[in-house]
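Novice: Need a 3D model of the following:
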Amino acid sequence: MVLALDKQWVWDSWYAHDGQRWHAWFLKADKALGDPELRHFNVSQGHAVSDDLINWHHLGTSLSPAPAPAWDDMVTWTGSVVRDDDGLWHLFYTGGQRSEGALYQRIGHATSQDLNNWERVDCGLCLDLTGPNAAQYEAEHMVGHWHDRAMRDPWVMRDPAGDGWLMYFTARAPGIAEANAAGAIGFATSADLIHWELQPPVFIGGFGQLEVPQVFEVEGRWYCLFCTAAQHWSRARITQTGMTPVTGNHYLIADDPRGPWRIAPGFLDGANPCRRYAARILKTDEGLVIMGFDDNGRDQFIGQIRDPEPVLVDAEGYLQIDPDAQQGGK
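Specialist: Residues are numbered from 1 along each chain as shown. Got it, this is the predicted structure:
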């Protein structure tokens, strides 16, 4: 069984475990739109729960764009959820406003007691590409060079080196002639989940965009999962790997969550057309599993969350998807 809705497409997702069961949040849009590409700008966030990551109960919409005018009155895109020391849940999400065509992305913040009903913190906006470190990002929309001003897909986690919090997000670096060499993992820090300080990117290069980052640790190594498309591989990356570019999910690896990060060899989970996109790797009692949405390309988009598949870590610390799982359908 997959996480699917009869009348809506489902795509990017993120997860949390409340101590008893799994919660999934995901982007969704009505299939009545006809063209799946229209889903991006007709979006809300759904919420579902599961005991096993396979059988899901849909609880409806948990967050939608704000009433206009607002910084997030057009889209509320991908995010992540964490719980603070007092038990309050925090959602960090991507927002875009209609007056800008959602071409300028910013990061928002909402809180919840029950994981389903979210209230924005003040107006919701918590981080933008402003301040002393903004010059290290492509802070303006470089029209004709790239399709948007990228600042999205926040991944928030506790700082393992202290009492604060770390945020990673999809971004781009400035002043790089090849558009596909400027993808970056943005970075910010906070002492309290409320006030955030933009820091320099922790990684730049390899691809035009490294979407939906997720940072996690396994046996002392740090991984930053991301997704990207075949058309966004840099010339250098194609030369280094000798691969035909694919669309899907790959990762960075480091000894510390602040880096330095490097691109792992090969490509973890890719195909043409794309088999799974915007993946997350979850730690379960049975080990690591990967989840993401069924894509299958623009012309035959599916739009549902695939069942989990096992992920292995080899002797050198590199991730591998169980080959038997990849051969088995959904």
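
Novice: can we go C-alpha only for contacts and neighbour counts from here?
Specialist: Fine.

Novice: Report the secondary structure state of Q231.
Specialist: What DSSP: H, G, I helix; E, B strand; the rest coil gives for Q231 is helix.

Novice: So for it, what's the nearest residue that isn't a sequence neighbour?
Specialist: Of all residues not flanking Q231 in the chain, P245 sits nearest, at 7.4 Å (CA to CA, 6 or more residues apart in numbering).

Novice: residues in contact with that neighbour?
Specialist: Contacts for P245 (CA atoms under 8 Å, 6 or more residues apart in numbering) come out as 229-231, 233, 238.

Novice: Enumerate every residue touching A4.
Specialist: Counted by CA under 8 Å, 6+ apart, A4 has contacts 10, 303-305.

Novice: does Y251 really touch C224, like I thought?
Specialist: Yes - between Y251 and C224 there is a contact at 5.2 Å, judged by CA atoms under 8 Å.

Novice: Look up how far E138 lies from P174.
Specialist: As judged by CA to CA, to the nearest Å, P174 and E138 stand 5 Å apart.

Novice: More neighbours: these two, which one.
Specialist: Of the pair P174 and E138, E138 is the one with more neighbours under other CA atoms under 10 Å, namely 23 against 17.

Novice: about what we covered before: dump the contacts of P245 to a markdown table, plus distance to N272, pLDDT and neighbour count.
Specialist: Formatted as a markdown table, the contacts of P245 follow (distance: CA to CA, whole Å; pLDDT from 0 to 100; neighbours: other CA atoms under 10 Å):
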| residue | distance to N272 | pLDDT | neighbour count |
| --- | --- | --- | --- |
| A229 | 9 | 98 | 21 |
| A230 | 8 | 98 | 17 |
| Q231 | 11 | 98 | 12 |
| W233 | 14 | 98 | 23 |
| I238 | 15 | 98 | 14 |
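
Novice: Dump these to CSV, plus distance to H145.
Specialist: Formatted as CSV, the contacts of P245 follow (distance: CA to CA, whole Å):
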residue, distance to H145
A229, 17
A230, 18
Q231, 14
W233, 15
I238, 20
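
Novice: Wait, Y15 touches W25, no?
Specialist: Yes - with contacts counted by CA under 8 Å, Y15 reaches W25, the gap being 6.4 Å.

Novice: who has more neighbours, these two?
Specialist: W25 (29 against 22).

Novice: For the chain, give me the ranges with low pLDDT.
Specialist: 1, 325-330 (pLDDT under 70).

Novice: try it again with 50
Specialist: Within the chain, the ranges that satisfy pLDDT under 50 run 327-330.

Novice: For it, which segments count as helices?
Specialist: Secondary structure of the chain by DSSP state H: the helices cover 235-241, 323-327.

Novice: and H57, how many neighbours?
Specialist: 14.

Novice: List the contacts of it.
Specialist: Counting by CA under 8 Å, 6+ apart, H57 touches 48-50.

Novice: Write down the beta-bridge partners of the nearest residue to A150 once chain neighbours are set aside, one by one.
Specialist: Leaving aside its sequence neighbours, A150 sits nearest to A171 (CA to CA, 6+ apart; 4.9 Å). Beta-bridge partners for A171, by DSSP bridges, are A184.

Novice: Number of residues surrounding the residue lying closest to A191 once chain neighbours are set aside?
Specialist: Leaving aside its sequence neighbours, A191 sits nearest to G164 (CA to CA, 6+ apart; 4.3 Å). For G164, the count of nearby residues is 14 (other CA under 10 Å).

Novice: got it, and F293?
Specialist: When neighbours are counted by other CA under 10 Å, F293 registers 27.
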